[in-house]
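Visitor: sequence first, predicted model second:
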Amino acid sequence: MLKVGIVGLPNAGKSTLFNALIDKPKAMVAAHPFTTIDKNIGVVNVPDETLFQLAKIEKIDKVTPTTITFVDIAGLIKGASQGEGLGNQFLHHIREVDLILHLVRFFKDEKVAHVHAKIDPEEDLAVVNEELLLADLQSLEKKSKTEKISTEQQQLINKVRDWLNQGKQASQIFLTNEEREFIKTLNLLTTKKQFLIANIGEEEINQPAKEINRQLILSVCAQL
């Protein structure tokens, strides 16, 4: 079962998107930051017509479809890796998911405050990614200091640490299969697959696709 976490800054529209994705909306939505404190969890069935057809052929009465679990995670702010806001709780919840939906705010609404008092998607994206990198650096440091590891493993940790210090995610570094198996045990946040989503306003629906740093990203209007 795939577990997908929705992350982003406070008031990016994470809970609104979460409610749109699940069958029975249950996440509270408000115009102030940190509406979500405890994570919201919703499970969605994924219909598979092939599966149903095979069940008919084999005369199987009960078919259990594939499911996706969506997790609405509390908003992150700068300094989360040092415990600011709901930092440690936020980062722990991200470690539990398989894939990250990173929601970036593009919509303008004076009634919905922005934690930086301005709409700047590039800065918002950078803040979240920086906190994930810093959290991973802390994980590597802890591994080196608190656990007994081989010289080869320490060299690999140093290699990944140097890569992260360049502002690059661990998922982008070239590793051998053996090295990847060891890195998996660390459960680094930046090794997780990440999809960027632009949360746009209703008036922007028919406008060209959004992009950040010359990268086209999927646009949604979560409130619809």
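Guide: Noted; the coordinates are in hand.
Visitor: against D48, how distant is the residue in the chain sticking out farthest from the centre?
Guide: The C-alpha centroid of the chain is most remote from K59, which lies 40.1 Å away (C-alpha atoms, centre = their mean). Distance, K59 to D48, using C-beta to C-beta, to the nearest Å: 18 Å. The way it works is simple: take the backbone N, C-alpha and C, and place the C-beta from them, glycine included.
Visitor: same question, F106
Guide: 33 Å.
Visitor: the helices in the protein, which residues?
Guide: 14-21, 49-57, 87-95, 121-146, 151-164, 177-184 (DSSP state H).
Visitor: how far does stretch 165-185 sit from the chain's center?
Guide: In terms of C-alpha atoms, centre = their mean, to the nearest Å, the centre of stretch 165-185 is set 18 Å apart from its chain centre.
Visitor: mind listing what's buried along that stretch?
Guide: Buried residues in stretch 165-185, defined by neighbour count with 16 or more other C-beta atoms under 10 Å: 169-170, 173, 175, 179, 182-183.
Visitor: ok, so of the residues you listed, who is nearest H92?
Guide: A170 (17.9 Å; C-beta to C-beta).
Visitor: and the closest residue to Q169 other than its chain neighbours, what does it touch?
Guide: Nearest residue to Q169, sequence neighbours excluded (C-beta to C-beta, 6 or more residues apart in numbering): T190, at 3.8 Å. Counting by C-beta atoms under 8 Å, 6 or more residues apart in numbering, T190 touches 129, 132-133, 136, 164, 169-171.
Visitor: now render the residues you listed as CSV, adding distance to H93 and pLDDT.
Guide: What follows is those, written out as CSV (distance: C-beta to C-beta, whole Å; pLDDT from 0 to 100):
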residue, distance to H93, pLDDT
N129, 17, 93
L132, 13, 93
L133, 17, 94
D136, 15, 95
L164, 21, 96
Q169, 19, 94
A170, 19, 95
S171, 19, 93
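Visitor: okay if I get the residues you listed as TSV plus distance to A20?
Guide: As requested, these are exported to TSV (distance: C-beta to C-beta, whole Å):
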residue	distance to A20
N129	24
L132	25
L133	29
D136	30
L164	33
Q169	27
A170	30
S171	27
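Visitor: state the distance from the most centrally placed residue in the chain to S171.
Guide: Among the residues of the chain, the one closest to the centroid is I100, at 2.8 Å (C-alpha atoms, centre = their mean). Using C-beta to C-beta, I100 is found at 11 Å from S171.
Visitor: sorry, back to before: separation between the residue nearest to Q169 and P208?
Guide: Counting by C-beta to C-beta, the gap from T190 to P208 is 29 Å.
Visitor: now V127
Guide: 25 Å.
Visitor: please apply the same query to M1.
Guide: Relative to P208, and taking C-beta to C-beta, M1 is found at 36 Å.
Visitor: show me what contacts H102?
Guide: H102 neighbours (C-beta under 8 Å, 6+ apart): 7-8, 125, 128, 194-197.
Visitor: could you give the mean pLDDT of stretch 198-212?
Guide: The pLDDT scores in stretch 198-212 average 87.
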